[in-house]
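Peer 1: Have a look at this prediction, sequence included:
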Amino acid sequence: MKRHIIIAALLLLALPMSAQTAVDLEPEFGARISLSGDKKIVRGLHISLEEEVRFDDNFTDLNRLQTTLGLSYKIHPNVKLGLGYALIAPYKSSAQEFKSLRHRLMADATGTLHLGVWRISLKERLQLTHRTGDFNVYQNPTNLLNLKSRLTVKYKGFRRVEPFAYAELRHVLNAPVIEAYYDGSSYLTSTGLDEGEPGWFLSGFNGAYLNRLRISLGTDIRLDRNSTLTLYLLADRISDKVVDANAEGTKLKSYTRENGFVGWVGASYEYSF
């Protein structure tokens, strides 16, 4: 009995992160290409439409097609608000078919500081992604909620070329909350300590954590009065919590923290009118 009490105390004192196993993924590289149009409705109010295609797995596989419709309004020379909807069609190269569609809603606010030829802006975006199709709800929420914070510095001292750099943090706001402890061979819960039987608790989807750090360098090139070409490099540091459970939600198979890096090269063309 004394031995069981000591084991229970050690397990309960352990941090929840102790249930996770860290997995380092191989670095990958990909490309993003997009075309967009931006229409001025009235002063300060714009509507935009963008079509983007992504390639991953070291540029060899189609990753997704994404169509985004946006509306923005400048309520102040330094403040802009925006709303958007994106239709995402992920592609599964191994099956050579598109996976279930995802619907994304976005709301953002951008504040800009003008310092001579420098522009410094902070953009906060709240986005909700709705998953369709059949999937294990004990592994992923139906509606994934993220908060993205982007700090951008742009230089406008040249005539047609505007270099920029930004850093972006992305937080998951409703990740699965796992209450389990790993003893080296199986996952234990407080109800299974005496027998050492595998078990876990999914106590909800209100876990928040940082899962992306992005840094980008690029430049906007004004081709003419209406056209802008943007070229950029993007470094994406990923750290996702991944849950593998059975479909009934009664057994936790694994709980890992997948760490990886994806490098992107990108090009986008925008026509404004």
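Peer 2: Sure, I can see it.
Peer 1: which strand of the chain spans the most residues?
Peer 2: The strand spanning the most residues in the chain, taking DSSP state E as the definition, is strand 252-272.
Peer 1: Okay, buried residues for that strand please.
Peer 2: Residues of strand 252-272 classed as buried: 252, 255, 257-258, 262, 264-266, 268, 270 (neighbour count, 16 or more other C-beta atoms under 10 Å). (Each C-beta comes from the backbone N, C-alpha and C, glycine too.)
Peer 1: for it, packing partners?
Peer 2: Contacts of strand 252-272 with other secondary structure elements, assessed using 3 or more C-beta pairs under 8 Å, 6 or more residues apart in numbering; DSSP states H and E, are made with strand 21-24, strand 28-42, strand 227-245.
Peer 1: quick one: low-confidence ranges for the stretch 1-150 of the chain?
Peer 2: Segments of the stretch 1-150 of the chain classed as low confidence (criterion: pLDDT under 70) are 1-20.
Peer 1: where exactly do the helices run in it?
Peer 2: Residue ranges of the helices in the stretch 1-150 of the chain, as given by DSSP state H, counting those that start in this stretch, are 2-13.
Peer 1: what about the nearest residue to residue 230 once chain neighbours are set aside, distance to residue 147?
Peer 2: The shortest distance from residue 230 to any residue other than its chain neighbours is 4.6 Å, reached at residue 268 (C-beta to C-beta, 6 or more residues apart in numbering). If you measure residue 268 against residue 147 using C-beta to C-beta, to the nearest Å, the figure is 24 Å.
Peer 1: what does residue 233 give?
Peer 2: 24 Å.
Peer 1: Same drill for these two, tell me which one is more crowded.
Peer 2: Taking neighbours as other C-beta atoms under 10 Å, residue 233 and residue 147 compare with residue 147 leading, 15 against 12.
Peer 1: who's in contact with the more buried one?
Peer 2: Residue 147 makes contact with 124-127, 170-171, 173 under the criterion C-beta atoms under 8 Å, 6 or more residues apart in numbering.
Peer 1: same question, residue 70
Peer 2: With C-beta under 8 Å, 6+ apart, residue 70 has these contacts: 47-50, 82-85, 106.
Peer 1: Give me the buried entries from those.
Peer 2: Burial by neighbour count, 16+ other C-beta under 10 Å: within the contacts of residue 70 this picks out 48, 50, 82, 84, 106.
Peer 1: was I right about the first one contacting residue 34?
Peer 2: Okay, so that is residue 48. No - with contact defined as C-beta atoms under 8 Å, residue 48 does not reach residue 34; the gap is 11.2 Å.
Peer 1: Weed out the non-buried ones from the contacts of residue 147.
Peer 2: Buried among these (16+ other C-beta under 10 Å): 125, 127, 170, 173.
Peer 1: measure the second one to residue 86 for me?
Peer 2: Right, the one you point to is residue 127. Between residue 127 and residue 86 the computed distance is 9 Å (C-beta to C-beta).
Peer 1: got any residues that touch both of the two?
Peer 2: Between them, residue 127 and residue 86 share the contacting residues 104, 106, judged by C-beta under 8 Å, 6+ apart.
Peer 1: about what we covered before: from the buried residues of strand 252-272, pick the one nearest residue 97.
Peer 2: For residue 97, the closest of those turns out to be residue 262, at 22.7 Å, with distances computed as C-beta to C-beta.
Peer 1: For the closest one, which non-adjacent residue is closest in space?
Peer 2: Of all residues not flanking residue 262 in the chain, residue 236 sits nearest, at 4.3 Å (C-beta to C-beta, 6+ apart).
Peer 1: List just the nearest of the buried ones among the contacts of residue 70 to residue 74.
Peer 2: The nearest member of the buried ones among the contacts of residue 70 to residue 74, counting by C-beta to C-beta, is residue 82 at 9.8 Å.
Peer 1: which residues does the closest one bridge with?
Peer 2: Beta-bridge partners of residue 82, counted by DSSP bridges, are residue 72, residue 108.
Peer 1: Quick one: the helices and strands packed on strand 252-272 as JSON lines, columns for distance to residue 78 too.
Peer 2: As requested, these are arranged in JSON lines below (distance: least, C-beta to C-beta, whole Å):
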{"stretch": "strand 21-24", "distance to residue 78": "42"}
{"stretch": "strand 28-42", "distance to residue 78": "19"}
{"stretch": "strand 227-245", "distance to residue 78": "21"}
